[in-house]
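Visitor: Fold the following, please.
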Amino acid sequence: MDDTFRLSVSQEERQYLLDAVRSRIDLVLRDQKVGAMAPPPPGALHEKLGVFVTLKRNGLLRGCIGRIASSEPLYVTVGEMAEAAAFHDSRFPPLLLSEFNDLEVEVSVIGPITRCEDPTRVEVGRHGLIMRREGRQGLLLPQVPVEWEWDRETFLDQTCRKAGLPADAWHDPDTEIYWFEAVVV
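Guide: Okay, here's the model as predicted:
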């Protein structure tokens with residue numbers, strides 16, 4: 001991965017994504033009919049890209065779900081992932097209306113995913129990682145090791161743990177390592 005992920009997301013598109021997340025969650029909380037927001041003007045939001053929606057409350061994780069790839073345009077997928085993060089993340093109970101105003105929203109638009117042949121080239125803060133082996137998979141977004149102040153090796157170890165593998169599984173040639181970049185909104 002020598003080329004930088006060059007997806008450009010304008011300020012208006014960033015605001016659209018954040019508004020789409022809040023609108024979708026608000027509609028579900030109020031038991032109103034959920035539909036896609038009006039399509040944005042042509043541009044990045046019409047690309048078929050993966051996206052993760054991260055919700056925090058008082059600085060603590062409250063939900064995070066996404067897709068590494070999508071067959072739908074980004075503006076559609078982001079709403080689906082917002083609903084999933086708020087109500088279907090198995091680590092948390094479904095979001096309550098009383099929590100809505102305290103939500104901090106982050107959207108990570110996922111760039112191309114490629115095989116990482118040399119883990120020493122992983123850059124903390126630039127790359128997200130996926131570890132795969134024996135039917136198990138774990139993913140960590142690029143911002144996670146920055147938030148936790150991890151170095152490269154700790155990041156690789158923790159991605160293995162997320163996959164339910166031993167921390168040092170990234171040294172094993174049977175473990176597939178993939179990397180990607182993301183635009184974080």
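Visitor: When you work out contacts or count neighbours from here on, use the C-alpha atoms and nothing else.
Guide: Will do.
Visitor: The spatially most central residue of the chain bridge partners, please.
Guide: Nearest to the mean C-alpha position of the chain, counting by C-alpha atoms, centre = their mean, stands residue 52 at 2.7 Å. Beta-bridge partners recorded for residue 52 (DSSP bridges): residue 66, residue 108.
Visitor: And the pLDDT at it?
Guide: With respect to pLDDT, residue 52 scores 98.
Visitor: So it versus residue 82, what's the distance?
Guide: 8 Å (C-alpha to C-alpha, to the nearest Å).
Visitor: joint contacts of these two?
Guide: The contact sets of residue 52 and residue 82 overlap at residue 65 (C-alpha atoms under 8 Å, 6 or more residues apart in numbering).
Visitor: Show residues contacting the particular helix or strand that has residue 86 in it.
Guide: Counting by DSSP states H and E, the element that carries residue 86 is helix 74-87. If you take C-alpha under 8 Å, 6+ apart as the criterion, helix 74-87 is touched by 17, 20-22, 24-25, 28, 36-37, 39-40, 44-55, 62-67, 70, 93-95.
Visitor: Quickly find the element holding the spatially closest residue to residue 54 that is not a sequence neighbour.
Guide: Residue nearest to residue 54 in three dimensions, not counting chain neighbours: residue 64, with 4.3 Å by C-alpha to C-alpha, 6 or more residues apart in numbering. Per DSSP H and E: residue 64 is located in strand 60-67.
Visitor: Show me what that strand is packed up against.
Guide: The helices and strands touching strand 60-67, judged by 3 or more C-alpha pairs under 8 Å, 6 or more residues apart in numbering; DSSP states H and E, are strand 50-57, helix 74-87.
Visitor: And the average pLDDT for the last one is what?
Guide: Averaging pLDDT along helix 74-87 gives 96.
Visitor: Please write out the alpha-carbon positions of it in CSV.
Guide: The C-alpha trace of helix 74-87 is given here as CSV (Å, rounded to 0.1, in the frame of the first residue of the first chain):
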residue,chain,number,x,y,z
LEU,A,74,-22.3,5.2,0.8
TYR,A,75,-25.2,7.5,1.5
VAL,A,76,-27.5,4.4,1.8
THR,A,77,-25.0,2.2,3.7
VAL,A,78,-24.2,4.9,6.3
GLY,A,79,-27.9,4.9,7.5
GLU,A,80,-28.0,1.2,7.8
MET,A,81,-24.8,1.1,9.8
ALA,A,82,-26.0,3.9,12.0
GLU,A,83,-29.1,1.9,12.9
ALA,A,84,-27.0,-1.2,13.5
ALA,A,85,-24.5,0.6,15.7
ALA,A,86,-27.2,2.1,17.8
PHE,A,87,-29.5,-0.9,18.2
